Structure formats: C-alpha cells, structure tokens
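Visitor: The following block contains a protein sequence and its predicted model.
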There are 2 protein chains.
Amino acid sequence: MAEKPAIRDAIRTQEKILAAAQAEFARRGYDGARVDAIVARAKVSKNLLYHYFRGKEDLYIRILERTYETLRRRQSDVPVNGLDPLSAMIRLCENTFRVFVEEPDVIVMLNTENLYRARHIAKSTIIRSMYDRLSENLREILRAGEEQGVFRKGVDPVELYISISGLGYFYLSNQHTLSMLFNRKLSAPENIEHRQAHLVDMVISYLTRQPEPGDWTPELAR
Amino acid sequence: MAEKPAIRDAIRTQEKILAAAQAEFARRGYDGARVDAIVARAKVSKNLLYHYFRGKEDLYIRILERTYETLRRRQSDVPVNGLDPLSAMIRLCENTFRVFVEEPDVIVMLNTENLYRARHIAKSTIIRSMYDRLSENLREILRAGEEQGVFRKGVDPVELYISISGLGYFYLSNQHTLSMLFNRKLSAPENIEHRQAHLVDMVISYLTRQPEPGDWTPELAR
DNA sequence: TACTAAACTAACCAACTAGTCCAACAAGGA
DNA sequence: TCCTTGTTGGACTAGTTGGTTAGTTTAGTA
C-alpha cells in the first residue's frame, strides 16, 4: 500500500509488465518481440510474468484490447454535441489525427494485427462492439450537415471514417520510408501541424462540394 | 528426375527462391518469415539458398528493392502526357490505388520496413533515387491544372501524394481489422470499386475547391 | 573418356526462445 | 509467531531457427 516503495503491489506490478509488453510489441511487432526483453524492461523475473499471464500471446491480446480501448476512448470523448456540423467534423478529424500522433504504439499494434489478418481480434468479443458509438456519432454529424445544406448528400460514414483515419495514419505509419523518399522529416512538429491542416482541408472540401452539372463525378470514372 | 526443362537453371532457381521469399515475407513480415518455409515453398534445399544469397536479411533487402521497383514502374507508367490536368490526376489516383490492390505484397513489405524504421532502405541507395520521376510528374500536372484554373493554387505535391496513397493504402493495409469493426467485407470487388471512386472524388474535390470568402480555410483551424 | 565447375542435397549444429519447476525469501496482517 | 501473498533465482526442457559442413549429381568440354 505504501506509495513510495511501490514494492509488493500486485496490480502495479502487472501494470508494469503490461507497459513493458506494450513498448516491446510496439517496437518490434509480435514475432520480433521477446519475452525476455519484456521482463527486462519491466524489471521483474520471468516467473512473475508467467505467474500473472498465460504467455506471450495472452499478453499480446491484452495489449491489443488496451489499444482499441485507448482508440475508442480518445475518439469518443470528442465533445461534438452542440457544435455546428462543420466544427464538429473538424473537431472529429483533428481528434482522430491527434490520437495517432500522441499514441504511436497504436499504429504498430494495428499494423501487426492486420499482418495476422485480425486473428486475435476475431477472438476478442470486447473489441468488436466498440465502434458503434463512433459510427453513430459520425452519422449524426453527417445528417445534421446534410440537413443544413452545408454537406453534400449521401456520404457513406464508413468510407468517410476510413478516409479520415487513412489520411493521418498512412502519413505516420509510413513516415520512415516516406521521409527517406521525399527527403522531408515528416515527424517534425511543423510538418505534423501542416498535415493536420491538410487532412481537415481535404475532408471539408470533400464534404462541402456540391457537384454541379458539368463537374466531374465518380460516375464519369468508369 | 528429368523434368523437361527448368532443371539446373541457376537463374530460374534464384528467381524461384526470390518469389518464395517474397510470398513468405509478405505473409509473415521479417521476423515471422522462416527460411525453412522459403526453401520449402521454392522446393530447393536450404543450402542452395545460402549458396545464392548471403542470408535472410540479404534476401529481404532484395525483395524490398523489387517492391520499390514494382511501385515505381507501375506508378510511373501512367500515360498522363497529353491528358488534361483533371483526367491526368484521376488517372494517377486510380493507378496508385490499383498498384496497391493488385500487388498486395507491396503493402506488407512497406509496413515491415517501417516497423524497422527504414533501416534497410537507408542502406539501399537504389531505392532512394526512385521517386524523383513520380514527384516531377505530379508537380507538372498540378502546375498545368493551376494554370488552367481548374485546380487551386499552392498545393504541396508531397502532401498530396501522401494523401492519394494514404486513402487507398489504409483501406487495404487495415482491411482485416476494419472489416471486423464495421462488419463490411472491404475486400469485396464492389467495395474496392466504390473506394476507388471515393478516393478520386476526395482528391478532385480538394483540388478543385476554390476557397471563397467566408468559407472554411485551414487557417481557421488554429 | 576424363575432368571440372557449377548446381544441388541431406544432415547437422549452436544459439536462441517460450515456457516450466521448485525451492526459497520478504513483507505485512492476525 | 504463523500465515498469506508477492516475488526472486536458477537450473532446465523441448522445440525452433538461421546458418554450416561435408558431400553428391549433373552439364559442359577438352
């Protein structure tokens, strides 16, 4: 119980192990991660890890669940209620991007899970029910915007969410190769800022465009 | 023993090994890939692999170089010359997306390389000089569009390229987790088609928007 | 036919990896 | 003092893994 020593505190110790595991998985992916490295990071004995957790995969799934929890929590706590649709959408875009910027571990975890074709998520029933609120939120903003005539009609919320995410996600997840290719340090704060503005600009441009006769429309692409 | 051809053909054998390596790396990532699995896929002895290649990492770098070569080749062979800027841009968007759709290995290779923070690319001087042409191409389309008044002014080509890629890349790279989350099979052909149209729509909306006084602009985001 | 270089293989190894077992110790509450 | 819980240490195993050694087969050629 004594705060200072933090010794012999089962919960805190488990937390330490989980934190170490997250760092390790986020750095090396599932296969690259080493259990020994996790216990070294957590500064506990290997036995203790196996005392509290079933093993590497169990630990991984826990971290994955935490990842989605972080994602959902941070994306859902947008106070969009009361805002006009445009402001709400901008807020939602910025928030989505900010999560990826501030929680970079999330990106590697998602990448890793996709490499495994969402095998672990399929097992975890908790995760799959998480996105309803976000989805509903987005739908509501779109509906209001459409009603007020500021947004175009018939926007697919799922497609839009994927676009909002993708515009930020790709920039960050592939920053190392892209920085090399374009000789521009994408992780620099001013570039991150710039990307955020670009992302919002893109989404708002898309939503506010009212296709006029003669304009290009997706149908012409065929 | 005597198949018809293809026996004792050094070049073809190396090609077989490389193809097997690509399949394996693209399926499991670097750490997940097994040398034994590669030789099994290629149906050669393990030693032959080590006869032609220095080892796992060497093989990986070769595949990575091939990946970028594919990417560059398929992105650069857009015959945009002679097209009006709008058509050229649409063509470029579709092409970029098509590469990711038709060469899914590329995505995993890029993800893997980013997990390693572009360590291998840094070594490979070939790759880094590849993107100049694409960059120049894009710049030219933007310039022409701007001149003709169909595109907005001052678009950053790098930022735009990242957006075009990201809109398609994220959809595909994270298709497994997203499909689960939104209960929609993103890999279904009709959904792929739909996404392509959405991608183009988004990019064109962004480029053709001429901000008017009173409109939202990125500066308002601060 | 004899020879050689290149193509190819089976078997093996040393290092590593996840996970286990067991005996013991340390801290605090009853 | 005893008991429960948290924790460590070290030795150990069973299975993998990347890589090697020591050798055989085949095709071309002198």
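Guide: All right, it came through fine.
Visitor: just checking, next helix/strand downstream of the lowest-mean-pLDDT helix or strand in chain A?
Guide: Every helix and strand of chain A was ranked by mean pLDDT, DSSP states H and E. The lowest is helix A:125-128, at a mean of 69. With elements assigned by DSSP states H and E, the helix or strand that comes after helix A:125-128 is helix A:132-147.
Visitor: Now find how far off-centre that next one is within its chain.
Guide: Here helix A:132-147 is found 19 Å from its chain centre; the criterion is Cα atoms, centre = their mean, to the nearest Å.
Visitor: Mean confidence (pLDDT) on the helix or strand hosting A:Ala197, please.
Guide: Element membership for A:Ala197, per DSSP H and E: helix A:189-208. Mean pLDDT, helix A:189-208: 98.
Visitor: List the contacts of it.
Guide: Residues from elsewhere that reach helix A:189-208, judged by Cβ atoms under 8 Å, 6 or more residues apart in numbering or on different chains: A:86, A:89-90, A:93-94, A:97-98, A:101, A:145, A:150-152, A:155, A:160, A:163-164, A:167-168, A:171, A:184-186, B:156, B:159, B:162-163, B:201-203, B:205-206, B:209, B:215-218, B:221. No exception for glycine: its C-beta is placed from N, CA and C like everyone else's.
Visitor: mind checking pLDDT for the residue nearest to A:Ala144 when sequence neighbours are not counted?
Guide: On the basis of Cβ to Cβ, 6 or more residues apart in numbering or on different chains, the spatially nearest residue to A:Ala144 that is not a chain neighbour turns out to be A:Pro85, at 4.5 Å. Per-residue confidence (pLDDT) for A:Pro85: 95.
Visitor: now the one 10 residues further on
Guide: Turning to A:Asn95, the model gives it a pLDDT of 94.
Visitor: I'd like to know how many residues surround the nearest residue to it once chain neighbours are set aside.
Guide: In space, not counting the residues next to it along the chain, A:Asn95 is nearest to A:Val78; the distance is 4.9 Å by Cβ to Cβ, 6+ apart. Taking other Cβ atoms under 10 Å in any protein chain shown as the criterion, the count of residues near A:Val78 is 18.
Visitor: my guess is A:Val78 meets A:Cys93, correct?
Guide: No. With contacts counted by Cβ atoms under 8 Å, A:Val78 stays clear of A:Cys93, the gap being 9.9 Å.
Visitor: which among the contacts of helix A:189-208 end up buried?
Guide: A:86, A:89-90, A:93-94, A:97, A:101, A:145, A:150-152, A:155, A:160, A:163-164, A:167-168, A:171, A:184, A:186, B:159, B:162-163, B:201-203, B:205-206, B:209, B:216, B:218, B:221 (16 or more other Cβ atoms under 10 Å in any protein chain shown).
Visitor: These in helices, which ones?
Guide: Judged by DSSP state H, these include A:86, A:89-90, A:93-94, A:97, A:101, A:145, A:160, A:163-164, A:167-168, A:171, B:159, B:162-163, B:201-203, B:205-206 as members of helices.
Visitor: ok, the residue nearest to A:Ala144 - how many residues close by?
Guide: Residues near A:Pro85, counting by other Cβ under 10 Å: 20.
Visitor: and it, how far is that from A:Glu190?
Guide: The gap separating A:Pro85 from A:Glu190 is 29 Å, by Cβ to Cβ, to the nearest Å.
Visitor: Same check on A:Glu103?
Guide: Shown here: A:Glu103 relative to A:Glu190, a distance of 21 Å by Cβ to Cβ.
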